[in-house]
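Enquirer: Mind looking at a prediction? Sequence and model below.
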Amino acid sequence: MYSRGGVMSDVCLILEGTYPYVTGGVSTCVYQLIKNTPFINYSILYIGATSHENDEYRYPIPDNVKLIKEVELFDYKVDDELPNKNIELDLELLLKFHNAPRERKAELFGAVYNEVIKPLDDSFNPFDILKSKQAWNMLSNYYKNKFKDQEAPSFIDYFYTWRFTHYPIFKILTTELPKAKLYHALSTGYAGLLGAVAKVQGNNAFMLTEHGIYSHEREIEIYQADRIFNAETDLQAKSNISTFKEWWIKMFHFMGQVAYQQADLITTLYEGNKEKQIRYGAEADKIKIIPNGIVYESFSSITKKSKKENEVHIALVGRVVPIKDIKTFIKAASGLRRLLDDHINLKVSILGPYDEDPEYYEECKKLVSFLNLENVIEFTGKVNVKEYYGVIDTLVLSSISEGQPMVILEAFAAAVPCVSTDVGSCSELIYGMSDEDRALGAAGEVVPFGKPDLLAQALFNVVSSPDDLMKMGKVAQIRAKKYYREDITVKNYLRSYNKLLGSTD
């Protein structure tokens, strides 16, 4: 735990897998907000899979951050002993809560918290519920009733899915919250659930911000995952793998609905996100759009550097992880090389950390080798991207899910156009979000995700004409200056804080 003293903060930021340990768009926005509001005292609840206690911070910690507390979702030891306490659980309520995700009954959250969690004392361990006799009886009876008329998955896998899905939830429900006037979760999922706990606990103001739609992103990852109960020794479990994937997916959607229901204010980045939030259960009149903002002058001041004649340089800025779909980008680079004239030298940079998912990084390197691109593509790791914006021709995003990528805004401010997949607000950024904005023109091209041939063709369209490239860069820069500046974003968040806290400042 990091502490600078103080009993109550103005705002408690609830962050899952972001600032200050993980780089990315959300982390950048959090740091931007904190450092530009020195008159607000913040506490931070950081939610991670395991402890980051010995890890280095990836961002500075401003003086107005008074506390950083960690919640480790999966740091636990399993023993065979029965709970050392006689826990009285409402079995009917527990069963309803178990069914709540698939029945979309987020309103049960408050009842479960007040009747099951709130009466527990401070020494309670979340595993006590999972190991209780009542929970075992509930689960075994439910399993028998649910699967009696169909092929049943392995009960062992069913049991451990119950544990793995419910333990972090009970961990969140029993977390001691720092005292604050306002709780601000920067995603749904476990962070949003903890914000809902704060609301139910003390009726404090709860603000929810979503950059990407968390439950949708987790759904994509789960559908792609091969390791959710892919037990080599259990063919029955393999044949029913969709049962467990569906369980996880519904759990994340349920947590999202709980957060939407409990939040006093929901903010998101663009209109498309708002429509998804409404579709997933948010009330339209709770939602406010606050776009990302950048320090425009920091990037607009970058001067173009001379480069080798007949060289085309493209770059992807992002973490080397599956959701960024680096493999599609690598395949598109191969396709672009075939489309370019033989005398053109193609240079490709992947600018971002590759230590988050080492297995995926190794797969990407093997793909580069297989396509004979070792002399074309470089993985730089984390770098100062400003050193590249002066030399690259275009930015590329191949992601399968995004919110409103900061890297596009930064590139735009540096007069670098972008070719992106049609995810999040990328189309809005590149083509404009309003009639007035669209009148400026296009700042690149957009293609469907997962289509390397189309991505390669779009890249060719942009980089093959120096005049068009320059025109798109100018449009990008004007758009960034007019609509996506940091000062605009910070003012919007401050207005939201003041509204929730009843301040007239």
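Expert: Everything's here; your move.
Enquirer: would you list every one of the strands in this protein?
Expert: Assigned by DSSP state E, the chain shows strands spanning 2-3, 8-16, 42-48, 65-72, 179-185, 205-210, 265-268, 287-289, 311-317, 345-351, 377-381, 394-397, 418-421, 444-447.
Enquirer: Now that F252 has come up, it's in contact with I220, right?
Expert: No: counting by CB atoms under 8 Å, F252 stays clear of I220, with 10.9 Å between them. The C-beta positions use only the backbone N, C-alpha and C, and glycine is treated the same way.
Enquirer: Those two - which one has more neighbours?
Expert: Between F252 and I220, F252 has the larger neighbour count (other CB atoms under 10 Å), namely 22 against 14.
Enquirer: got a list of what the more buried one touches?
Expert: T188, G189, Y214, S215, R218, E219 (CB atoms under 8 Å, 6 or more residues apart in numbering).
Enquirer: Could you give the average pLDDT over the longest helix seen in the chain?
Expert: Identified as the longest helix of the chain according to DSSP state H is helix 241-262. Helix 241-262 comes out with an average pLDDT of 85.
Enquirer: tell me, how many neighbours does F74 end up with?
Expert: When counting by other CB under 10 Å, one arrives at 12 neighbours for F74.
Enquirer: That one and D422, how far apart?
Expert: Per CB to CB, to the nearest Å, F74 is found 34 Å from D422.
Enquirer: Equivalent analysis for Y280, please.
Expert: Distance, Y280 to D422, by CB to CB: 20 Å.
Enquirer: Mind checking which of these two has more residues around it?
Expert: Using other CB under 10 Å, the more surrounded residue of Y280 and D422 is Y280, with 18 against 13.
Enquirer: Pull the contacting residues for the more buried one.
Expert: Contacts for Y280 (CB under 8 Å, 6+ apart) come out as I213, S215, H216, H253, G256, Q257, Y260.
Enquirer: how close does it get to A49?
Expert: For Y280, the distance to A49 equals 24 Å [CB to CB].
Enquirer: For burial, what's the neighbour tally of the residue lying closest to F39 once chain neighbours are set aside?
Expert: Excluding its sequence neighbours, the residue lying closest to F39 (CB to CB, 6 or more residues apart in numbering) is N64, at 7.7 Å. Using other CB under 10 Å, N64 has 17 other residues around it.
Enquirer: now N64: how far from K276?
Expert: The gap separating N64 from K276 is 33 Å, by CB to CB.
Enquirer: Could you do M8 as well?
Expert: Note on M8: its distance to K276, by CB to CB, is 35 Å.
Enquirer: More neighbours: the two, which one.
Expert: K276 (16 against 12).
Enquirer: what phi and what psi does the backbone show at the closest residue to that one other than its chain neighbours?
Expert: The spatial neighbour of K276 that comes closest, neighbours along the chain excluded (CB to CB, 6+ apart), is I213 at 5.0 Å. Backbone torsions for I213, taken as degrees, to the nearest 10, come to phi -80, psi 100.
Enquirer: all helices for the stretch 101-250 of the chain, in order.
Expert: Ranges of helices within the stretch 101-250 of the chain are 108-112, 126-130, 133-146, 155-173, 189-202, 214-224, 235-239, 241-262, based on DSSP state H, counting those that start in this stretch.
Enquirer: now those in CSV, with distance to D468?
Expert: Putting these into CSV (distance: least, CB to CB, whole Å) gives the following:
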stretch, distance to D468
helix 108-112, 53
helix 126-130, 58
helix 133-146, 59
helix 155-173, 50
helix 189-202, 41
helix 214-224, 33
helix 235-239, 51
helix 241-262, 41
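Enquirer: So which of those helices is nearest Y57?
Expert: Closest of those to Y57 is helix 189-202, at 18.5 Å (criterion: CB to CB).
Enquirer: ok, and what's touching that closest one?
Expert: Here helix 189-202 makes contact (CB under 8 Å, 6+ apart) with 12, 14-16, 45, 47, 71, 73, 109-110, 113-114, 118, 168-169, 172-173, 175, 177, 180, 183-185, 204, 206-208, 214-215, 218, 252, 255-256, 258-259, 261-264.
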